[in-house]
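Chemist: sharing a model prediction with you, sequence too.
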Amino acid sequence: MEVALETGELGKRYGSTWALRDCTFEVPRGRIAALVGPNGAGKSTLLHMAVGLSRPSTGEVRVFGQTPYRNTRVLSDIGFVAQDTPLYRDFTAAELLKMGEKLNSRWDSALARNRLAQLGLPPDKAVGKLSGGQRAQVALAMALAKRPRLLLLDEPVASLDPLARREFLQALAGAVAESDTTVLLSSHLLADVERMCDYLVVLHASRVQLIGDVDDLVAQHRQLIGPRHNGGGVAGVASVIKASHTDRQSTLLVRVDGPIDPLWTAHELTLEDLILAYLADGDTRTSHDAWGVPA
């Protein structure tokens, strides 16, 4: 299995503050992977190092086995749409595509023009006068025109209205279906993640909390309802992710590794349930560490 993106104990520090720390994961080639986490989790920092815009303070990041920082060979394999879609606002879409053609050796002008024409975007209007959704589509078309092997998207639809968001994701899905591009989509919109992605990386408190194939992760977790849990082991449970209790009953969100004790009633989880549980667990751990009390 070829790995498109991998990190090893990756960290980025600004002064005394760690924006990302001890981050280790892999994204296999050919997957549409979601990078999920709350604001401040380190998602943008990670993506900026993956596209060579920032140099790690510790550890390493590799794209198809190569370090991206100041490496023009691997950078030609990467497409990137930043969160604020930074385009030259005085340029028209046609001028931006022409500039892209001059700067990229594998540029596919026909692909970009066809996509923008299908969306009804005007070629001769300054992009600064386009709507947010239209600017996002121009940025996506430019990223795809590079014919990248890895496409990185940093919250590309966070500021878009529902219709623009749907159109953007439809364009992305269509483009990926026609190519061999690996995608890493940073988002906190879990409905979009569930609809688009087949691989998941949950990043919280600057560290990876959960990673793997979406279907496998959902299959490995259950919500259990049963008698008051005293903290001991439960048959079939590898780990307890989240727990709540009443005087007589406990509700556990667990990772399973075998048949569940029949005293417990098991319920399947949605992907959203699973992600939120790990994010809440990260919040709890971070808070306890900050206050110096046991979790």
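Modeler: Thanks, I have it.
Chemist: neighbours around Leu5, how many?
Modeler: When neighbours are counted by other C-beta atoms under 10 Å, Leu5 registers 26. To be clear about C-beta, it is placed using only N, CA and C from the backbone, and glycine gets the same treatment.
Chemist: nearest residue to it other than its sequence neighbours?
Modeler: Nearest non-adjacent residue to Leu5, counting by C-beta to C-beta, 6 or more residues apart in numbering: Val27, 4.3 Å away.
Chemist: state the helix or strand in which that neighbour lies.
Modeler: Using DSSP states H and E, Val27 maps to strand 17-28.
Chemist: just to revisit the earlier point, the residue nearest to Leu5 contacts Leu185, doesn't it?
Modeler: No: applying C-beta atoms under 8 Å, one finds Val27 not in contact with Leu185, separated by 10.8 Å.
Chemist: what do those two both touch?
Modeler: Counting by C-beta atoms under 8 Å, 6 or more residues apart in numbering, the common neighbours of Val27 and Leu185 are Ala33.
Chemist: so how far is Arg207 from Val127?
Modeler: 37 Å (C-beta to C-beta, to the nearest Å).
Chemist: am I right that Ala34 is in a strand?
Modeler: Yes: per DSSP: H, G, I helix; E, B strand; the rest coil, Ala34 lies within a strand segment.
Chemist: who does it form a beta bridge with?
Modeler: Beta-bridge partners recorded for Ala34 (DSSP bridges): Leu185, Leu200.
Chemist: these two touch, right, it and Val201?
Modeler: Yes: contact status for Ala34 versus Val201: in contact at 6.9 Å, counting by C-beta under 8 Å.
Chemist: show me where pLDDT drops low in this protein?
Modeler: The model of the chain has pLDDT under 70 over residues 281-295.
Chemist: sorry, back to before: so for Ala34 and Val201, which residues contact both of them?
Modeler: Going by C-beta under 8 Å, 6+ apart, residues that sit against Ala34 and also against Val201 are Leu184.
Chemist: the two: which has the busier surroundings?
Modeler: Neighbour count, other C-beta under 10 Å: between Ala34 and Val201, Ala34 has more, with 28 against 25.
Chemist: ok, now which ones touch the more buried one?
Modeler: By C-beta under 8 Å, 6+ apart, the residues touching Ala34 are Leu184, Leu185, Ser186, Ser187, Val193, Met196, Cys197, Tyr199, Leu200, Val201.
Chemist: relative to Asp90, which of those is nearest.
Modeler: Ser186 (28.0 Å; C-beta to C-beta).
Chemist: can you tell me how far the closest one is from Leu96?
Modeler: From Ser186 to Leu96 the distance is 23 Å (C-beta to C-beta).
Chemist: one more: Met1?
Modeler: Per C-beta to C-beta, Met1 is found 36 Å from Leu96.
Chemist: more crowded one of these two?
Modeler: For Met1 and Leu96, the more surrounded residue by other C-beta under 10 Å is Leu96, and the numbers stand at 20 against 6.
Chemist: what ranges do the strands span in this protein?
Modeler: In chain order, the chain shows strands spanning 3-14, 17-28, 32-36, 58-63, 78-81, 150-154, 182-187, 199-204, 207-213, 221-227, 237-245, 249-256, 265-267, with DSSP state E as the criterion.
Chemist: and the fourth one, what does it pack onto?
Modeler: The contact analysis (3 or more C-beta pairs under 8 Å, 6 or more residues apart in numbering; DSSP states H and E) places strand 58-63 against strand 3-14, strand 17-28, helix 43-50.
Chemist: in that strand, what counts as buried?
Modeler: Gly59, Val61, Arg62, Val63 (16 or more other C-beta atoms under 10 Å).
Chemist: burial count for Ser244?
Modeler: As a burial measure, Ser244 scores 10 neighbours (other C-beta under 10 Å).
Chemist: for Val183, that is, sorry about that
Modeler: Counted with other C-beta under 10 Å, residues neighbouring Val183 total 26.
Chemist: setting aside sequence neighbours, what's the nearest residue to Leu75?
Modeler: Once flanking residues are discounted, Leu75 sits nearest to Gly52: 5.6 Å by C-beta to C-beta, 6+ apart.
Chemist: picking that back up, list just the nearest of the buried residues of strand 58-63 to Leu20.
Modeler: Checking the buried residues of strand 58-63 one by one against Leu20 (C-beta to C-beta), the nearest turns out to be Gly59, at 9.1 Å.
Chemist: the closest one and Val234, how far apart?
Modeler: Separation of Gly59 from Val234 (C-beta to C-beta): 36 Å.
Chemist: Thr72 now?
Modeler: In terms of C-beta to C-beta, Thr72 sits 54 Å off from Val234.
Chemist: these two - which one has more neighbours?
Modeler: Counted by other C-beta under 10 Å, Thr72 and Val234 do not tie: Val234 has more neighbours, with 18 against 9.
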